[in-house]
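Colleague: Provided below are the primary sequence and the corresponding predicted coordinates.
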Amino acid sequence: AQSVTQLGSHVSVSEGALVLLRCNYSSSVPPYLFWYVQYPNQGLQLLLKYTSAATLVKGINGFEAEFKKSETSFHLTKPSAHMSDAAEYFCEWGLSFGAGTTVTVRA
Amino acid sequence: DAGVIQSPRHEVTEMGQEVTLRCKPISGHDYLFWYRQTMMRGLELLIYFNNNVPIDDSGMPEDRFSAKMPNASFSTLKIQPSEPRDSAVYFCASGTGGTPYEQYFGPGTRLTVT
């Protein structure tokens, strides 16, 4: 069965610093991969999706992710963190969600 | 578009009572998903429907849980009888077959069973 693994349950960054959230998927090349964001007391919101059209995917709020088959990874990045990026982030493949990574942004 | 609508937003009930959670998916979406989220277990898929037909209910914890989708614009998740360990946030999400598993989530129902 397909699965994803998110490395690091919690990431703390300074405002303006790079945000890097890691997601690895299992074995065979997946047709679709997603990143979602969840703000407190809200549902998950789609950030971006990989559908094999391009390996570098741009999403909302300045986030992007790169699909790397050789590394079976789909890491999420944002060049400059903003206070509003504080939330929990989930990677998904085939209805399998990672455990989530909570991002804290320090002023 | 109003997005996925869930009701109620909060539910507090006593152990043994029946609980019904409701969901209205985004119009035109042919997939509907029910999830449960807890601190201990994270986000768990309970069941999903395609064109109102249940496709996979392997995540339903036990016979106390049941879900229906009588038409394309409405689904229910029922717990009978409820137990304290059912306390969680329950999310409904909908999507289309165009990009399978791209999901749009509702705001959730926070269930507390005392």
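Modeller: Looks like it came in fine. Only a predicted model underlies this, so the values are computations on that prediction, with no experimental measurement involved.
Colleague: Show me where the chain dips below the pLDDT cut-off.
Modeller: By default, I'm working from chain A. Low-confidence segments of chain A, defined by pLDDT under 70: A:1, A:27, A:29-30.
Colleague: The chain in question should be chain B.
Modeller: Scanning chain B for pLDDT under 70 picks out the ranges B:1, B:100.
Colleague: Please list the residues of it that sit near chain A.
Modeller: Proximity of chain B to chain A, by Cβ under 8 Å from any Cβ of the partner chain, involves residues B:4, B:33, B:42-43, B:45, B:48, B:91, B:93, B:99-108. The way it works is simple: take the backbone N, C-alpha and C, and place the C-beta from them, glycine included.
Colleague: Quick check on those residues: which are buried?
Modeller: Among the residues of chain B next to chain A, those classed as buried by 16 or more other Cβ atoms under 10 Å in any protein chain shown are B:4, B:33, B:43, B:45, B:48, B:91, B:93, B:101-108.
Colleague: Counting neighbours, what do you get for residue A:67?
Modeller: 20 (other Cβ atoms under 10 Å in any protein chain shown).
Colleague: If you could redo that for residue A:55, that was the one I meant.
Modeller: Neighbour count for residue A:55, taken as other Cβ under 10 Å: 12.
Colleague: follow-up on the earlier one: now, the buried ones among the residues of chain B next to chain A that are in strands?
Modeller: B:33, B:43, B:45, B:48, B:91, B:93, B:104, B:105 (DSSP state E).
Colleague: Return the set of residues that bridge with the fifth one.
Modeller: In other words, residue B:91. residue B:35 (DSSP bridges).
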